[in-house]
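[1] Return a 3D structure for these sequence lines:
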Amino acid sequence: MAEYALTGDVGGTNTRLGIAVKGRSGRPELLHQSTYPSREFHSLEDILADFITRHQVSFKAVCLGVAGAVIDGWVKTTNLPWKISTADLVRSFNWPRLRLVNDLVAAAYAVPFLHHDELFFLQHGFPAGKSGANIGLMAPGTGLGTALLIACDGTYVPVASEGGHVGFAPRKHEDLGLWQTMAKQYGHVSLERLLSGPGLYNIYCWLRDSGRYDEPAWLTGQLDPEDAPRLIAEYGLKEGVPLCRAALEKFAALLGAAAGDLALIGMTHGGLFLTGGIPPKILEILREPEFIEAFSHKGRLSELMSRFPVAVILNEQAALLGAAHCAFNHLL
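    Below you'll find the predicted structure:
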């Protein structure tokens, strides 16, 4: 008889829930997935209640990846007004085997069994995912998530991180102006203030206000903070609006530098993988030289950095697969 796991990826924009079973190859199989707009619900419990009402399944284990710092089974979501705890969920749904993990930890669990066609390589080098080599993840989306997979005795140990909230370090002289503008607005200039959907809009506004690019009259007033990242990407990629294109290119360069920093911190010669909502949508920009140049530009270690594999995860279900792997391998 099949054993079912409830798997989840709880983000600031969307919450994805799935029903999974063990796969023959060790990779879980998703039988069903539903996506909920997170901000339209008062709590995660409301989403879970709707999902289990629609799917009358007995779950042997539940693993939910949540965008936020999970400590002792409790998390306050960074970009949502939710407080989630293992104890509250067990009381509400009577699930005996339940684990909350950081959403990037969930995605990290999936990396070792992703197929080649689920990855888009921006740089080849050392064999990606090779045994005994650490792996890093960076996920710009509603916020910015980071995590590491540390190779240990033939397996991997995921390490959660809130690296998206470390300070932004300007790399070029013009970036000093960006930092100064952000510092006036926010005080602490974290990477997430620039490498996220809202961050892309911050970069756009900085470039516009600098006077180096003219904002088209038809675009003035059209961008509200909620929808701006999508429109900037659309107008930059499809319409070729110079201001939007420049914002995307600056975003890519800053992302490359930050991803290179994470790769150095974790010595991730097993690969640095980009996930989240943004990278798959801007592959055209990430393929340009600026991203990898910024990734590899690390002084005396630049040659080493040129051999670190870098890839974009194309499978939007990676975090659900990883959470399912955690459920089957650590809860049952």
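
[2] How is this protein divided into domains?
    4-114+315-330, 163-313 (automatic domain parsing).

[3] I'd like the mean pLDDT over the last one, please.
    Looking back up the chat, that one is domain 163-313. Domain 163-313 carries an average pLDDT of 95.

[4] now the end-to-end length of it.
    Domain 163-313 stretches 19 Å from its first residue to its last (Cα to Cα, to the nearest Å).

[5] isn't Leu286 right next to Val312, touching?
    Yes. Counting by Cβ atoms under 8 Å, Leu286 does reach Val312; the two are 6.7 Å apart. Where you see a C-beta, it was placed from the backbone N, CA and C, and this is true even at glycine.

[6] Can you pull the residues that touch both of those two?
    Shared contacts of Leu286 and Val312 (Cβ atoms under 8 Å, 6 or more residues apart in numbering): 122, 274, 279.

[7] Pick the one among these closest to Lys22.
    Leu274 (28.1 Å; Cβ to Cβ).

[8] Setting the sequence-adjacent residues aside, check what's closest to that closest one.
    Distance criterion Cβ to Cβ, 6 or more residues apart in numbering; nearest residue to Leu274, sequence neighbours excluded, is Val312 at 4.7 Å.

[9] how would you label the one you found: helix, strand or coil?
    Three-state call for Val312 (DSSP: H, G, I helix; E, B strand; the rest coil): strand.

[10] what is it paired to in the beta sheet?
    Under the criterion DSSP bridges, Val312 forms beta bridges with Phe120, Leu274.

[11] Count the neighbours of it for me.
    Neighbourhood size, Val312 [other Cβ atoms under 10 Å]: 21.

[12] Go ahead and confirm it touches Leu272.
    No. Val312 lies out of contact with Leu272 (Cβ under 8 Å); the separation is 10.4 Å.

[13] What ranges does the stretch 201-332 of the chain have for its strands?
    Under the criterion DSSP state E, counting those that start in this stretch, the stretch 201-332 of the chain contains strands at 272-274, 310-313.

[14] mind putting the shared contacts of Leu286 and Val312 in JSON lines, neighbour count included?
    What follows is these, written out as JSON lines (neighbours: other Cβ atoms under 10 Å):
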{"residue": "Leu122", "neighbour count": "21"}
{"residue": "Leu274", "neighbour count": "25"}
{"residue": "Pro279", "neighbour count": "26"}
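
[15] got a markdown table for those residues, with distance to Ile265 too?
    Shown next, in a markdown table, are the shared contacts of Leu286 and Val312 (distance: Cβ to Cβ, whole Å):
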| residue | distance to Ile265 |
| --- | --- |
| Leu122 | 19 |
| Leu274 | 16 |
| Pro279 | 19 |
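
[16] I appreciate the help and will end here.
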